[in-house]
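Enquirer: got a structure for you, letters missing:
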């Protein structure tokens, strides 16, 4: 009897628990009819839960979302252009070798003026003279002996910050400022750093030197010094085509706690981290009492007690999102990677193990083998990638966006976004933003401080929409429809320097009204009629170092110009550049040193039709031959 009663009681409890669990589950998973999201997840006006899925946007690309858009050689070329463009302020770390004059560097660092702006630490106003004066006194007293010194090569062993001053304090401009105003950038695990100066502040080591993006101070505990340049390059140097690496393609991976492998315990591998894989023949039976089944085995940089670099093995669970080798550059992959960090917090310059808007875009493209500049302005200066959107009305901008691939980077002053696609003639982007104003309703600024999908109808504090504020677009490759001609493919190579903002002549399909489940397109075609378009005349070409400035006479009432440069008279494999109709000159960078180029130009006019747009071209202009410096 006791047993029967016990069973009855247990069954009653199970029913009760089951009812409670059912009620609890129903409450938690109530779905909003408007957005399709669980009840307590909110989105900006116009964003739905299905838009957070990569498949939603991949189905809406105007060309094959899975088609590879760039080869490894083309990605290498973009990286070379970015590195060798002075205005991007990137550093060629491999070029730092031999000796440098430490005395000159120490003098410059010692002469750094004390900031005059107001700063707060932990909400408290500081005395700048006392705070920065103490730091200057400490680091100048603790400098090593000057004179000629060799560069030292370091690898990052822990996510860290690069700052204008050697301190781990967070300095804000007011008591509630969420940004560290003296932070310029950040490093993630296995990033390289070249060390030129070492010091201590209150017993903590700090190193001054160069990342590939900026110079500044880094906490020395987060860097490991390699014994020589060869060991340093072996730690981090990779190629776009390497397959013996993994790239972290999710927001972050935290390695598991480990009492035996303490060097890897709870190490954070942030989005875009690149590590080398251990060769299968070198994988041991156990790593810290663990057999490596269902794990990637990687080399992890570590710092020993003397601050020196040691390469050790670590395990990354198979279920983590990583790519073996860099991801192929497809629209589908760009969309998927761009959505990996939705809801994550904003972090200026990479502070708080987070990202700001330009770090998000850099990490997205790093997953494909690109190395982009630090900030929004510099990213737009890579030759051959930017389209100028200033001066265009909203309708023209939106029409332009609907011809661009998913993954195109969009910019207005101080902010960068990743374009996902358009729905019902509204463009959508994902970005890591600080503040915004909803698309409708009162002009109320919301402090978002996170990664979110937004329609370009959202507004800035002054009331203008993001679409109206767009000033530039950067695309490293534009996928071509299958019927693209040879000349059309040439115009979209990543080495061109400007694309016509109002249209993609003879190359892309323009998206008209976009319904959630279908895309309707019309395509501009080149006319064979006798409509006469006046040809421009080249007037001058001025040689610069690996570049040319080209001038011509303006032609009225046209859509734009096609400027061509080639190293042969027949213009085979010519570089073709789309230029706005308002321009009468063009500065073309990224050319070969001391090489003759043949130059010509023609004008074109786009005529819109009900069913199809038509493009009319002029004859080619006179040809100028000029040698670069």
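Expert: Structure received. A quick note: this is a predicted structure, and the numbers were derived from the prediction, not measured.

Enquirer: going by C-alpha atoms from here, please, whenever you check contacts or count neighbours.
Expert: OK.

Enquirer: return the helix or strand in the chain with minimum mean pLDDT.
Expert: strand 510-515 (a mean of 28; mean pLDDT, DSSP states H and E).

Enquirer: flag the shaky bits of the stretch 351-500 of the chain, pLDDT-wise.
Expert: By pLDDT under 70, the low-scoring segments of the stretch 351-500 of the chain are 480-500.

Enquirer: how about the helices in it?
Expert: 357-366, 376-379, 394-401, 466-469, 486-491 (DSSP state H, counting those that start in this stretch).

Enquirer: and the chain, by the same measure?
Expert: 2-28, 54-58, 72-84, 102-110, 128-141, 229-236, 331-338, 357-366, 376-379, 394-401, 466-469, 486-491 (DSSP state H).

Enquirer: how about those helices in a markdown table, adding distance to residue 215?
Expert: What follows is the helices of the chain, written out as a markdown table (distance: least, C-alpha to C-alpha, whole Å):
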| stretch | distance to residue 215 |
| --- | --- |
| helix 2-28 | 48 |
| helix 54-58 | 36 |
| helix 72-84 | 15 |
| helix 102-110 | 12 |
| helix 128-141 | 17 |
| helix 229-236 | 18 |
| helix 331-338 | 28 |
| helix 357-366 | 16 |
| helix 376-379 | 15 |
| helix 394-401 | 36 |
| helix 466-469 | 31 |
| helix 486-491 | 37 |
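
Enquirer: quick one: which of these is nearest residue 477?
Expert: helix 72-84 (9.1 Å; C-alpha to C-alpha).

Enquirer: give me the contact list for that closest one.
Expert: Applying C-alpha atoms under 8 Å, 6 or more residues apart in numbering, the contact partners of helix 72-84 are 88-92, 240-241, 369-373, 381-383, 476, 494-495, 590.

Enquirer: buried ones in that helix, by neighbour count?
Expert: Across helix 72-84, burial judged by 16 or more other C-alpha atoms under 10 Å covers 72, 74-84.

Enquirer: mean confidence for it?
Expert: In this model, helix 72-84 has an average pLDDT of 94.

Enquirer: what score does residue 343 have for pLDDT?
Expert: 97.

Enquirer: ok, it - contacts?
Expert: Taking C-alpha under 8 Å, 6+ apart, one finds 450-452 in contact with residue 343.

Enquirer: low-confidence ranges in the stretch 501-629 of the chain?
Expert: 501-532, 608-613.

Enquirer: residue boundaries of the strands in it?
Expert: Remark: strands assigned in the stretch 501-629 of the chain by DSSP state E, counting those that start in this stretch are 510-515, 518-522, 525-526, 538-544, 547-552, 560-566, 575-580, 585-588, 596-607, 614-617, 624-627.

Enquirer: now mean neighbour count too, for these, in JSON lines please.
Expert: Listed next are those as JSON lines, based on neighbours: other C-alpha atoms under 10 Å:
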{"stretch": "strand 510-515", "mean neighbour count": "18"}
{"stretch": "strand 518-522", "mean neighbour count": "14"}
{"stretch": "strand 525-526", "mean neighbour count": "16"}
{"stretch": "strand 538-544", "mean neighbour count": "17"}
{"stretch": "strand 547-552", "mean neighbour count": "19"}
{"stretch": "strand 560-566", "mean neighbour count": "23"}
{"stretch": "strand 575-580", "mean neighbour count": "24"}
{"stretch": "strand 585-588", "mean neighbour count": "17"}
{"stretch": "strand 596-607", "mean neighbour count": "21"}
{"stretch": "strand 614-617", "mean neighbour count": "20"}
{"stretch": "strand 624-627", "mean neighbour count": "18"}
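
Enquirer: could you export those as a markdown table, including distance to residue 312?
Expert: Below are the strands of the stretch 501-629 of the chain laid out as a markdown table (distance: least, C-alpha to C-alpha, whole Å):
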| stretch | distance to residue 312 |
| --- | --- |
| strand 510-515 | 52 |
| strand 518-522 | 51 |
| strand 525-526 | 58 |
| strand 538-544 | 48 |
| strand 547-552 | 46 |
| strand 560-566 | 50 |
| strand 575-580 | 47 |
| strand 585-588 | 46 |
| strand 596-607 | 51 |
| strand 614-617 | 60 |
| strand 624-627 | 52 |
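
Enquirer: just to revisit the earlier point, out of the helices of the stretch 351-500 of the chain, which is closest to residue 620?
Expert: helix 486-491 (14.1 Å).

Enquirer: picking that back up, can you add distance to residue 300 and neighbour count and give the contacts of residue 343 back as CSV?
Expert: Listed next are those as CSV, based on distance: C-alpha to C-alpha, whole Å; neighbours: other C-alpha atoms under 10 Å:
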residue, distance to residue 300, neighbour count
450, 29, 21
451, 29, 24
452, 32, 21
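
Enquirer: what about the residues you listed, which are in strands?
Expert: By the criterion of DSSP state E, membership of these in strands covers 450-452.

Enquirer: how about the residues you listed in TSV, adding distance to residue 209?
Expert: Converted to TSV, these look like this (distance: C-alpha to C-alpha, whole Å):
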residue	distance to residue 209
450	30
451	31
452	34
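
Enquirer: might one say that residue 374 is in contact with residue 360?
Expert: No - assessed by C-alpha atoms under 8 Å, residue 374 is found out of contact with residue 360, at 10.6 Å.

Enquirer: neighbour count: these two, which is higher?
Expert: residue 360 (26 against 22; other C-alpha atoms under 10 Å).

Enquirer: distance of that one relative to residue 466?
Expert: 18 Å (C-alpha to C-alpha, to the nearest Å).

Enquirer: ditto for residue 157
Expert: Counting by C-alpha to C-alpha, the gap from residue 157 to residue 466 is 38 Å.

Enquirer: please apply the same query to residue 328.
Expert: 30 Å.

Enquirer: now residue 439
Expert: 10 Å.

Enquirer: shared neighbours, these two?
Expert: 457-459.

Enquirer: turn the residues you listed into JSON lines, including neighbour count and distance to residue 348.
Expert: Output for the shared contacts of residue 439 and residue 466, formatted as JSON lines (neighbours: other C-alpha atoms under 10 Å; distance: C-alpha to C-alpha, whole Å):
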{"residue": "457", "neighbour count": "20", "distance to residue 348": "25"}
{"residue": "458", "neighbour count": "20", "distance to residue 348": "22"}
{"residue": "459", "neighbour count": "23", "distance to residue 348": "21"}
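
Enquirer: as CSV, those residues with distance to residue 138 would be great.
Expert: Below are the shared contacts of residue 439 and residue 466 laid out as CSV (distance: C-alpha to C-alpha, whole Å):
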residue, distance to residue 138
457, 51
458, 48
459, 46
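
Enquirer: quick check, nearest of the residues you listed to residue 424?
Expert: Distances from residue 424 to the shared contacts of residue 439 and residue 466, taken by C-alpha to C-alpha, are shortest for residue 457, at 12.2 Å.

Enquirer: that closest one and residue 583, how far apart?
Expert: 30 Å.
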